[in-house]
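K.L.:
any chance you can model this:
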Amino acid sequence: MARATGISHVNCNGSLQELSQHGLVKMRKVGRSILYSLNREHILVDEILVPLFKKEERLFLSLTKTILSPLSGPKPISILLFGSQIDEKRARPDSDFDVLCVIPDETNLRKFKSEISQSEAQVERKYGNRLSLLIMKRNEFLRRRRRYPLLLEIEEQNRLLFGKHFREIK
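P.N.:
Prediction:
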C-alpha cells in the first residue's frame, strides 16, 4: 500500500493504525503480518466510501457511452484509457483522457474519425477534459505493439473501457 500511495512504509502503517483506532479499518494479525480491511459496517465506509467507489466506476461507464454514442458502424475492438488519468503520480483534474481505440481492419477510417470527433466535443463539454484519441486499425496495432514505445507503455498501464483487453487482441 505504501508503494501504491507513494508514502513511506512507516507513514502508511501509522495511518492504517489510526484508521483502525477510529473503526474505519479492521486490523488482524496473521503470524508476523498484519492484514487490514475496510470495516463495511462503519457509517463513513458504508455511506461515503463505498458509494464513492461505485460512482467512480459509473463515471468510466458514462465516459465509455459518450465515446461510443456517435458511432454508427462497427464498434471498436478495444477502447483503452491510458496516461495520466490512471497514473496517480501524474493525474491532474485537467488531464486529458488519453484513449487508444483499436478498430476492425474493414472500418472506414475517415468515417470513423468523423463520427468519433463528435465524442471529443461531448467529452469536453461533459467532463471538462479533452479526449485525446489514438486510433489504430487491428493489423497496424498487431504490427506495432511490440516495437512502438507508446504501445509498450499502454500495455503496462491501462484501463479497459470497452471490448478486449490489450493482450487479447489478436
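K.L.:
please identify the buried residues of the helix or strand where Phe162 lies?
P.N.:
Assessed by DSSP states H and E, Phe162 sits inside strand 159-163. Buried residues in strand 159-163, counting neighbours by 16 or more other C-beta atoms under 10 Å, are found at 161-163. All C-beta spots, glycine's among them, are computed from the backbone N, C-alpha and C.
K.L.:
helices of this structure, start to end?
P.N.:
In the chain, helices defined by DSSP state H lie at 2-5, 9-21, 43-44, 50-68, 109-127, 138-144, 149-156, listed in chain order.
K.L.:
could you tell me the least trusted of these?
P.N.:
Lowest mean pLDDT within those: helix 2-5, at a mean of 73.
K.L.:
circling back: make CSV out of the buried residues of strand 159-163 and add pLDDT.
P.N.:
CSV is the format used below for the buried residues of strand 159-163 (pLDDT from 0 to 100):
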residue, pLDDT
Leu161, 96
Phe162, 97
Gly163, 97
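K.L.:
just give me the closest of those residues to Met1.
P.N.:
Leu161 (26.0 Å; C-beta to C-beta).
K.L.:
the domain parsing of this structure - what is it?
P.N.:
2-38, 55-168 (automatic domain parsing).
K.L.:
among the ones you listed, which is nearest Leu49?
P.N.:
The nearest among the domains of the chain, by C-beta to C-beta, is domain 2-38 at 7.0 Å.
K.L.:
need the contact list for Phe166.
P.N.:
78, 80, 154-155, 158, 160 (C-beta atoms under 8 Å, 6 or more residues apart in numbering).
K.L.:
I meant to write Leu44 there.
P.N.:
Here Leu44 is in contact with Leu24 (criterion: C-beta under 8 Å, 6+ apart).
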